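Enquirer: Need a 3D model of the sequence below.
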Amino acid sequence: MSKKVIFYVALAAAGALVLTLSFWGERVSARVGTLNIYGGEVSMVRDDAEFAGKTGTEIMRSDTIRVHQESRASIILPDGSSIRLDAGSEIIAREILTEGGSLSLKRARFGLLRGRAWSRVEPLRDGASYEIETPTLTASVRGTSFDLSYIEAESRLIVGVGSV
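Expert: Numbers count the residues shown, from 1 in each chain. As a prediction, the model looks like this:
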């Protein structure tokens, strides 16, 4: 066989291997979860464009969610975990990884830019992590609920169930 044929066969085999492993290994998802609005208005910023959020809107990695005054909303993650956001809150979806073909979280990271976020986290498998960062504090948990706020340059953390 010629070198060209061998090269193309090897390239095709490598591509098939990568595709196969993507179904069984960690999956980096662009989709973080869905938006649920309890009342009021929510804005979302994606790729430098701002638009009105609606209940059921898919939240993608790097989206910023802005909850307007006198409004409340939540982010529902693939495994059923949720982040409830109070009025005036702003959060960015930094990263989400799930286990293979399942919806179990491997890693979830959010950045609370301002306001208050209450999290209810479904139990995570060993080695999995769930984090919310403020400019001054990072809360990382496993199967618990907690309240984190960043208001007037001050972070506060209150644990509801479990440990942080």
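Enquirer: quick one: strands adjacent to the longest strand along the chain?
Expert: Ranked by residue count under DSSP state E, the longest strand found in the chain is strand 105-120. With DSSP bridges as the test, strand 105-120 is paired with strand 82-85 (antiparallel), strand 90-99 (antiparallel), strand 129-133 (parallel), strand 145-151 (antiparallel).
Enquirer: For that strand, the averaged confidence score.
Expert: Throughout strand 105-120, pLDDT has a mean value of 91.
Enquirer: Ranking the strands paired with strand 105-120 by mean neighbour count, which comes first?
Expert: strand 82-85 (a mean of 23; mean count of other CB atoms under 10 Å). Heads up, the C-betas are built off the backbone N, CA and C, glycines and all.
Enquirer: List the contacts of that strand.
Expert: Defining contact as CB atoms under 8 Å, 6 or more residues apart in numbering, one finds that strand 82-85 is touched by 36, 65, 67, 72-77, 91, 110, 115-120, 132.
Enquirer: try stretch 51-70
Expert: Applying CB under 8 Å, 6+ apart, the contact partners of stretch 51-70 are 29-37, 39-46, 73, 75, 85-96, 113, 115.
Enquirer: Are any of those buried, and if so which?
Expert: Among the contacts of stretch 51-70, the ones that count as buried by 16 or more other CB atoms under 10 Å are 32-33, 35-37, 42, 44-45, 73, 75, 85-86, 89-94, 96, 113, 115.
Enquirer: Run the chain-centre distance for the longest strand of the chain.
Expert: 7 Å (CA atoms, centre = their mean, to the nearest Å).
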